[in-house]
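Trainee: missing the sequence, but the structure's below:
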Ligand code: ATP
């Protein structure tokens, strides 16, 4: 992997936009030296505030003076680089963890040159499938647990595991599923965790909500939430307000509603209950999840899942995508547009209360001094 001094334009031809996140834009790139054969994903993390390229290797490179916002974004950016470098050293190549090829830096920010995943997001693929069974869901859990197992062995905690951070490598039916987006991840006992939540708290563990120690078991909780949704089409913790939802999560208060869950095997439900155990010590490790008879495929049903579950998953996925796109668009635009878009979004009934709160926190972080006035209008 390069040391971050290469210029993007020298090495890659940058083409279409593949996706946008809260702090990044991801574009397709073609490696010039490959004669057009090697395609990559280029994740550009834009630094807010004055920029100086950082040297390669770990460590913080805070260069923007006296600007709280710049410091925050610098921490986020440095964190993702640090974790990706640790992955390259201690995890890659792994079929279920995204691979970082290179890093380029310039005045636009840091460009992470990543393995290109062209197979789509986890839920998109599932809802597009003609056949979907417990065995199919078990194969997904197996792949995520394999990826987590290797990350956890390297002492990396993902901390933001959710379906949109799981992408298929290609369109092939047997394509591997890759865990990605290590922006909020941490290396156990080493990095300060970057505090930040973007989007819904649906996948966040009780210990993360109560600001207790985060361990690899926090990722296992998120896997439990993903599995619950995979088998029902809706999340385990649903409430009218963020506070209510936080309480439900912290108490591990969820149930298997008879109407939906009667057709799901008891082994799957037993697994979900163990993953969604409030005490992290009682949750299985990723290695133990891999040994579970439902995950190995021995007890997962092969029959086609209820059509209702699939159609619920479809609408859950559509709503989630709409909200994510709206939020990413607010955060990625220029100051004036951002404020305008934010106001429109706040008026939208599609935004969940906790997403609104998180958006407010993020908006505060990325505000420049000139925006403070607008922020107070927004806060009214
Ligand atoms: P978030 O706001 O969710 O933290 P982010 O800024 O960290 O997002 P990512 O989630 O890493 O950004 O990427 C944003 C989008 O770009 C993803 O949802 C995905 O659609 C696309 N993307 C990211 N990495 C790749 C890749 N390696 N191959 C193809 N598409 C990718």
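Mentor: Yep, it's here. Owing to the predicted nature of the structure, the values given are computational and were not obtained by experimental measurement.
Trainee: going by C-alpha atoms from here, please, whenever you check contacts or count neighbours.
Mentor: Fine.
Trainee: counting neighbours, what do you get for residue 323?
Mentor: Using other C-alpha atoms under 10 Å, residue 323 has 19 neighbouring residues.
Trainee: give me the element it is part of.
Mentor: With elements taken from DSSP states H and E, the one containing residue 323 is helix 307-332.
Trainee: can that helix be said to contact the ligand?
Mentor: No. Helix 307-332 does not reach the ligand (C-alpha under 6 Å from any ligand atom); its nearest approach is 6.6 Å.
Trainee: what does the chain have sitting close to the ligand?
Mentor: Counting by C-alpha under 6 Å from any ligand atom, the chain comes close to the ligand at 18-24, 26, 41, 114-118, 164-165, 181, 183.
Trainee: let's see it at 8 Å
Mentor: By C-alpha under 8 Å from any ligand atom, the residues of the chain that approach the ligand are 18-28, 40-43, 45, 98, 114-118, 120-121, 164-165, 167, 169, 180-184, 198-199, 324, 328.
Trainee: just checking, which of those residues belong to strands?
Mentor: 18-20, 24-28, 40-43, 45, 114-115, 167 (DSSP state E).
Trainee: residues contacting residue 25?
Mentor: Going by C-alpha atoms under 8 Å, 6 or more residues apart in numbering, residue 25 touches 17, 18, 19, 43, 44, 45.
Trainee: name the nearest of those residues relative to the ligand.
Mentor: Of all the contacts of residue 25, the ligand sits closest to residue 19, with 3.4 Å by C-alpha to the nearest ligand atom.
Trainee: number of nearby residues for that closest one?
Mentor: Counted by other C-alpha under 10 Å, the residues lying close to residue 19 total 14.
Trainee: how about residue 295?
Mentor: 25.
Trainee: nearest spatial neighbour of it, skipping sequence neighbours?
Mentor: Leaving out its chain neighbours, the residue that sits closest to residue 295 by C-alpha to C-alpha, 6 or more residues apart in numbering is residue 138, at 5.0 Å.
Trainee: now do the strands in the stretch 151-300 of the chain.
Mentor: Along the stretch 151-300 of the chain, counting by DSSP state E, counting those that start in this stretch, strands occupy 156-157, 166-168, 177-179, 186-187.
Trainee: wait, isn't the residue nearest to residue 295 in contact with residue 298?
Mentor: No. Taking contacts as C-alpha atoms under 8 Å, residue 138 lies outside contact range of residue 298: 9.8 Å.
Trainee: higher neighbour count, those two?
Mentor: When neighbours are counted by other C-alpha under 10 Å, residue 138 and residue 298 differ, and residue 138 comes out ahead with 25 against 11.
Trainee: and the gap between the more buried one and residue 169?
Mentor: 18 Å (C-alpha to C-alpha, to the nearest Å).
Trainee: got it, and residue 94?
Mentor: Residue 94 is 12 Å from residue 169, where distance means C-alpha to C-alpha.
Trainee: between the two, which one's more packed in?
Mentor: With neighbours defined as other C-alpha under 10 Å, residue 94 and residue 169 compare such that residue 169 has more, 21 against 16.
Trainee: report the contact partners of that one.
Mentor: Contact analysis of residue 169 by C-alpha under 8 Å, 6+ apart lists 116, 117, 118, 119, 120, 175, 176, 177, 178.
Trainee: which residues are contacting stretch 143-161?
Mentor: So stretch 143-161 is contacted by 83, 87, 90-91, 94-97, 176-179, 182, 184-188, 203-204, 215-216, 218-219, 222-223, 285-287, 289-290 (C-alpha under 8 Å, 6+ apart).
Trainee: quick check: mean pLDDT of it?
Mentor: For stretch 143-161, mean pLDDT rounds to 96.
Trainee: quick check: buried residues in it?
Mentor: By neighbour count with 16 or more other C-alpha atoms under 10 Å, stretch 143-161 contains the buried residues 143-152, 154-161.
Trainee: let's see which of the residues you listed end up in helices.
Mentor: Cross-referencing the buried residues of stretch 143-161 against helices under DSSP state H gives 143, 144, 145, 146, 147, 148, 149, 150, 151, 152.
Trainee: how many residues are close by the nearest residue to residue 306 once chain neighbours are set aside?
Mentor: Of all residues not flanking residue 306 in the chain, residue 263 sits nearest, at 8.0 Å (C-alpha to C-alpha, 6+ apart). Per other C-alpha under 10 Å, the neighbour tally for residue 263 reads 12.
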